[in-house]
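Student: Quick check, what structure comes out for this input:
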Amino acid sequence: MLNMTVPSGKKPLLRPFGITLFVMLTSLAGCRSEQPATPTVPRNWVNIPALPIIQDAVFSLSPTFAGQRNHAVMMQVCGLARGQAKQEQVNAFLVQQNVDVAHVPKHGHDLSLLVNSDRSAQATACAAYLATTVLSPVDVSELTVAVPQGETQSKAPEQGNQPVLQVDNARLANVLPLKLAAARANADVFVLIAAELQRRPGLTVNEYREQATQLFERLASVYLECIEAQLPPAGSTYKLLQMDTDRFAFSSSVGSLFEYGRDGMTLRQNGVIWYGQGELMGQAYPLQVAYFEPAIDGLLAPSVEQQP
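Tutor: Residues are numbered from 1 along each chain as shown. The predicted structure is shown next:
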């Protein structure tokens, strides 16, 4: 048995537990009494998830050409933004599209980004386009190929010899990793913006949208780095779960489940909602939005007669 007796003339190494606990409780009580009162939240503020506001902001930065998204043109913009394409190559592309490069102005034209050497604007446009690609409906025709009907296949008489659409596995193998990388990059960068917006309570929806726009512009180069870093490792496998006009969904061997349906895009990572349904990395990131005019306070606050 251990001898717990303190030798005569020596001080104990540990204070008596009762005294220590008393001092701790006294200190805590003193600290608690000095805590400032929680500030009152204005009655015209409501909590709104940051995600839809950020999505709106990024969509506003994604270029269109004659009112339409143009993948071929945006790949040229992205090539310039990433330093992977030279101006001469882009000019040759424009000539192939019957565009007179000499007559494209540096600013104010749909194609200005292809000729003005504005690397920052090109990066913003490229990042916004890639981010919104996974937030837009999937064009099933881009992932299918028309093949002749086999002679042994049963077919209705009215079909004649019309070809049928089959999944193009080669295209699918190229597209799925890119969609997964873009969805992950969205989560990475959007959560940074959401956390920053939370530090700025009391703005209107339009003010938050403008703030999100500015933040994404600053983070455009970071987004392009993220989308490269988030590409699944070589050897990853994918399983197409559904592909039609109602739903596009696939899973991966790295624990991801990507889905685009009527409610937009949802990415789950190991069962956690990583992006979608108002959440980012499993959290909603609500913003304290000045949604109503301050005058609403007079309609909601208890009257003098009702106050105790």
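Student: Ser112 is in contact with Val73, correct?
Tutor: No - here Val73 does not reach Ser112: they are 11.5 Å apart, not a contact under C-beta atoms under 8 Å. Every C-beta, even on glycine, is put in place using the N, C-alpha and C of the backbone.
Student: More neighbours: which of these two?
Tutor: Val73 (23 against 15; other C-beta atoms under 10 Å).
Student: hang on, that one is in a helix, isn't it?
Tutor: Yes - membership of Val73 in a helix is supported by DSSP: H, G, I helix; E, B strand; the rest coil.
Student: nearest spatial neighbour of it, skipping sequence neighbours?
Tutor: Nearest non-adjacent residue to Val73, counting by C-beta to C-beta, 6 or more residues apart in numbering: Phe65, 5.7 Å away.
Student: Got phi/psi on the one you found?
Tutor: phi -130, psi 120 (degrees, to the nearest 10).
Student: For Glu228, list the residues it contacts.
Tutor: Glu228 makes contact with Ala181, according to C-beta atoms under 8 Å, 6 or more residues apart in numbering.
Student: Help me confirm that it is found in a helix?
Tutor: Yes - under three-state DSSP, Glu228 falls within a helix.
Student: Could you tell me how far it is located from Met265?
Tutor: According to C-beta to C-beta, to the nearest Å, Glu228 stands 20 Å off from Met265.
Student: got it, and Ser136?
Tutor: 9 Å.
Student: ditto for Asp100
Tutor: From Asp100 to Met265 the distance is 39 Å (C-beta to C-beta).
Student: Pick out whichever of these two has more residues nearby.
Tutor: Neighbour comparison, Asp100 and Met265: the larger count goes to Met265, with 24 against 8 (by other C-beta under 10 Å).
Student: does that one have beta-bridge partners, and which?
Tutor: The partner list for Met265 in beta bridges (DSSP bridges) reads Tyr260.
Student: Give me the common contacts of Ser136 and Met265.
Tutor: With C-beta under 8 Å, 6+ apart, Ser136 and Met265 have no common neighbours.
Student: what ranges do the strands span in the stretch 151-300 of the chain?
Tutor: For the stretch 151-300 of the chain, the strands defined by DSSP state E, counting those that start in this stretch occupy 164-167, 238-243, 248-252, 256-261, 264-269, 272-276, 279-280, 286-290.
Student: got the angle for the fifth one vs strand 256-261?
Tutor: Angle of strand 264-269 versus strand 256-261, following axes from the mean of the first three to the mean of the last three C-alpha atoms, to 10 degrees, is 170 degrees.
Student: Strand 264-269 packs against which elements?
Tutor: helix 169-198, strand 256-261, strand 272-276 (3 or more C-beta pairs under 8 Å, 6 or more residues apart in numbering; DSSP states H and E).
Student: again, 6 Å this time
Tutor: Strand 264-269 sits against strand 256-261, strand 272-276, with contacts defined as 3 or more C-beta pairs under 6 Å, 6 or more residues apart in numbering; DSSP states H and E.
Student: which other residues reach the longest one?
Tutor: Residues from elsewhere that reach strand 256-261 (C-beta atoms under 6 Å, 6 or more residues apart in numbering): Val138, Leu180, Ala183, Arg247, Phe248, Ala249, Phe250, Ser251, Thr266, Leu267, Arg268, Gln269.
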